[in-house]
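A.B. asks: sequence and predicted structure are below.
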Amino acid sequence: MNPAFSVIFLTTLIGAAQGLFLALMAGQIYSDMGVLVEADEKLFFTYGTAIITVLMILGLLASFFHLGRPERAWRTATKWKTSWLSREVIVLPAFTMMAVLWGVLHYKGINPVVFSPTDTVHISLTMVVGLMTAGLAMLLYLCTAMIYAAVKFIQEWANPLTVVNYTMLGMASGFTLSAALASWLGFESTFYYANWAIFLTLIGFMTRLASLYRNAHIKLKSNAQSAIGIRHPMIRQTSQGAMGGSFNTREFFHHKTDAVVKSIKWFFIVTVFIIPVGLLILGVSQDNATVFILAFAVQYIGLLAERWFFFAQARHPQNIYYAAT
Amino acid sequence: MTQLALIIDLNVCVGCSACVTSCKEWNTSSEIAGVMADKNPYGKDPSGTFFNRVQTFEVGQYPNTEIVHFPKSCLHCEEPPCVPVCPTGASYKREEDGIVLVDYDKCIGCKYCSWSCPYGARELDEKQKVMKKCTLCVDRIYDDSLPEERRQPSCVLACPTNARLFGDVHDPDSHVSQLIREEGGYQLMPEWGTKPSNHYLPRRKIKISVREDELQRVDNPLKKEVRRKVSEDDVSLDDFVAW
């Protein structure tokens, strides 16, 4: 496939935003339980929500560049029964609005106790809203990843690992961002977010390596024989039916050399996983906000490369009909 | 239930591309659906929207090769994978005749349907920015103002060798169903379970397989078929007369 930058930015930006929300929510749960209480947690939640909102809007903006007719985008919410793309279009604004509501409740300090299951446990309004939003964040990871995992013809994508990787890498970048924010606010509990970021990055490293291993050993179902229905091992295309190019040669081929694709693979392995983990460890030991911000910046750039590779690696069976390109 | 489809006979296709040009001519002339955009048609890198393309494959290794011309358009699958993935419902399969169509007024040009088609049958129009594909000339085949024999897809009428045939593949008695049955019609990429409605007829060579023992009659008491040597002297009337 030819990687489209609109989709690369969309998936990485919203992935980080969802991860950041999950980090904020984890912070609130710990705070409500009285484990990690920070004096400035209201600032943390409101700044965090502001960042989430900006990332989600930027992602949404990027996605419009993918559409030929963006003015008709409202129609996409209609076929949610069958299409993962439609489901994403519904869950994405739902998550954003709920996250904003959660942030506003924190900012305004509206936080009445909704119910108390026991005398000592009190469930507040922000907790209820936050847990619902966290559910939507997880659902959005599922919807985004299933858009790709549901295309059974692209065997590199049609696998549960796609969903696992989108979730893990989004959460890793979101938790790294939360560590940067917490450190910038001078939180005592920065180490807690940073440790989660390290843990999630390492888990993501393992699952991404698993999918790289799987994709390197894939046996393609379609070949030239099944494509044109002629039983002969030697089939060579001499003409693909167009002199210049066509939509089929532009959309489904990245036209890059193997060396470029391979170097981007190594680039993302280093920048998504190895350098950020090193910087996060360094940040925890030195308690330095700049190091955490740098960790997020490097990881995000790495994720852009990771997503590029994700698309470039996908081999679509239609390419057999355009092998003469 | 009706399922209209094309049958492509690879045995007689000569790769002249008359189906390509006639398709483009008919389908670009629609006032409602708009033109099929051409970009740089006479320049260095011409590019344009086509519903149908003729590709060419070389089968075998030199000198034992055979050139196969292979027209490819939307196969109007019975299980079209491009339809359920459409987020707007612009892609749909008609109940009454099984034609898979795109509603150009609903399409947002997200290209997801083209990812979900293993055959590369869909092309995004560069000017209209909507997805386009073969319509089986749905605006011709039901047009009462045309004489009945002309109510066929444009490509079928244009083909000089009758390599393209059009009909209902669900009707067992239709001409196309008989051809699929009797001439070995097959579907493309059956491994994906898309059940394409269009079928292809293979190259066919007339060959008779004769075994060695079939050349000799086993029950031949008079041994009449034994070849006589030129020098044989017991020449009889049997050698000259067919009784």
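C.D. replies: Now that the structure is in, tell me what you want to look at. This is a predicted model, so every value here is computed, not measured.

A.B. asks: SS state for A:L161?
C.D. replies: helix (DSSP: H, G, I helix; E, B strand; the rest coil).

A.B. asks: distance of the residue of the stretch 101-250 of chain A found nearest chain B relative to B:L201?
C.D. replies: Closest residue of the stretch 101-250 of chain A to chain B, C-beta to the nearest C-beta: A:G241 (3.1 Å). All C-beta spots, glycine's among them, are computed from the backbone N, C-alpha and C. The gap separating A:G241 from B:L201 is 20 Å, by C-beta to C-beta, to the nearest Å.

A.B. asks: ok so, going back, tally of neighbours for the residue of the stretch 101-250 of chain A closest to chain B?
C.D. replies: For A:G241, the count of nearby residues is 23 (other C-beta atoms under 10 Å in any protein chain shown).

A.B. asks: repeat for B:K129
C.D. replies: Around B:K129 there are 15 residues (other C-beta under 10 Å).

A.B. asks: ok, B:T56 next?
C.D. replies: Here the number of neighbours of B:T56 (other C-beta under 10 Å) works out to 16.

A.B. asks: cool, and B:P63?
C.D. replies: 5.

A.B. asks: other residues contacting the longest helix anywhere in chain B?
C.D. replies: Longest helix in chain B, counting residues (DSSP state H): helix B:18-28. Outside helix B:18-28, the residues within contact range by C-beta atoms under 8 Å, 6 or more residues apart in numbering or on different chains are A:241, B:33, B:35-36, B:48, B:50-54, B:71, B:73, B:134-135, B:137, B:140, B:153-160, B:164.

A.B. asks: quick check: neighbours of the helix or strand following that helix in the sheet, parallel or antiparallel?
C.D. replies: Following helix B:18-28 in sequence order, the next helix or strand is strand B:38-39 (DSSP states H and E). If you go by DSSP bridges, strand B:38-39 pairs up with strand B:47-48 (antiparallel).

A.B. asks: which residues does A:L303 contact?
C.D. replies: Contacts of A:L303 by C-beta under 8 Å, 6+ apart are A:12, A:15-16, A:169, A:173, A:268, A:272.

A.B. asks: change it to 10 Å
C.D. replies: A:8, A:11-13, A:15-16, A:169-170, A:172-173, A:204, A:268, A:271-272, A:276, A:310 (C-beta atoms under 10 Å, 6 or more residues apart in numbering or on different chains).

A.B. asks: I'd like the average pLDDT over the longest helix of chain B.
C.D. replies: Mean per-residue pLDDT for helix B:18-28: 96.

A.B. asks: for the contacts of A:L303, which ChimeraX command selects only the ones that are buried?
C.D. replies: Buried subset of the contacts of A:L303, written as a ChimeraX selection, criterion 16 or more other C-beta atoms under 10 Å in any protein chain shown:
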select /A:8,11,12,13,15,16,169,170,172,173,204,268,271,272,276,310
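
A.B. asks: what's the burial count for B:S29?
C.D. replies: 10.

A.B. asks: distance of A:L92 relative to B:E212?
C.D. replies: 74 Å.

A.B. asks: between these two, who's got more neighbours?
C.D. replies: The neighbour count for A:L92 versus B:E212, taken as other C-beta under 10 Å, is higher for A:L92 (23 against 6).

A.B. asks: is it true that that one touches A:L55?
C.D. replies: No: using C-beta atoms under 10 Å, A:L92 makes no contact with A:L55, being 11.7 Å away.

A.B. asks: which neighbours do those two have in common?
C.D. replies: When contacts are counted by C-beta under 10 Å, 6+ apart, A:L92 and A:L55 have A:14, A:17-18 as shared neighbours.

A.B. asks: how about the helices of chain B, start to end?
C.D. replies: Going by DSSP H, chain B shows helices at B:18-28, B:112-115, B:138-141, B:154-158, B:175-182.

A.B. asks: same check, this time on chain A
C.D. replies: Going by DSSP H, chain A shows helices at A:5-32, A:41-64, A:84-108, A:125-149, A:160-184, A:190-216, A:224-228, A:247-251, A:258-268, A:275-286, A:289-313.

A.B. asks: what helices and strands are in contact with the first one?
C.D. replies: In other words, helix A:5-32. Contact here means 3 or more C-beta pairs under 10 Å, 6 or more residues apart in numbering or on different chains; DSSP states H and E; on that basis helix A:5-32 packs against helix A:41-64, helix A:84-108, strand A:123-124, helix A:125-149, helix A:160-184, helix A:190-216, helix A:289-313.

A.B. asks: least reliable of these going by mean pLDDT?
C.D. replies: strand A:123-124 (a mean of 90).

A.B. asks: quick one: strands adjacent to that one?
C.D. replies: Here, using DSSP bridges, strand A:123-124 pairs with strand A:113-115 (antiparallel).

A.B. asks: contacting residues for residue 64?
C.D. replies: All of this refers to chain A. Counting by C-beta under 10 Å, 6+ apart, the residues that A:F64 touches are A:6, A:10, A:70-71, A:73, B:108.

A.B. asks: meant chain B, my bad for not saying
C.D. replies: B:N64 neighbours (C-beta under 10 Å, 6+ apart): A:232, A:234.

A.B. asks: so what's it bridging to?
C.D. replies: The partner residues for B:N64, given DSSP bridges, come to B:Q61.

A.B. asks: and it, how far is that from A:M234?
C.D. replies: In this view, B:N64 and A:M234 are 9 Å apart by C-beta to C-beta.

A.B. asks: what sits closest to A:K265 if chain neighbours are left out?
C.D. replies: Nearest residue to A:K265, sequence neighbours excluded (C-beta to C-beta, 6 or more residues apart in numbering or on different chains): A:F309, at 5.4 Å.

A.B. asks: number of nearby residues for the closest residue to chain B within chain A?
C.D. replies: Scanning chain A for the residue nearest chain B gives A:G68, at 2.1 Å (criterion: C-beta to the nearest C-beta). Residues near A:G68, counting by other C-beta under 10 Å, number 17.

A.B. asks: now the closest residue to it other than its chain neighbours: phi and psi?
C.D. replies: Nearest residue to A:G68 in three dimensions, chain neighbours excluded: B:G109, at 2.1 Å (C-beta to C-beta, 6+ apart). Main-chain torsions, B:G109, degrees, to the nearest 10: phi 70, psi 40.

A.B. asks: B:K127 is in contact with B:G109, correct?
C.D. replies: No: applying C-beta under 10 Å as the test, B:G109 and B:K127 come out as separate, 11.3 Å apart.
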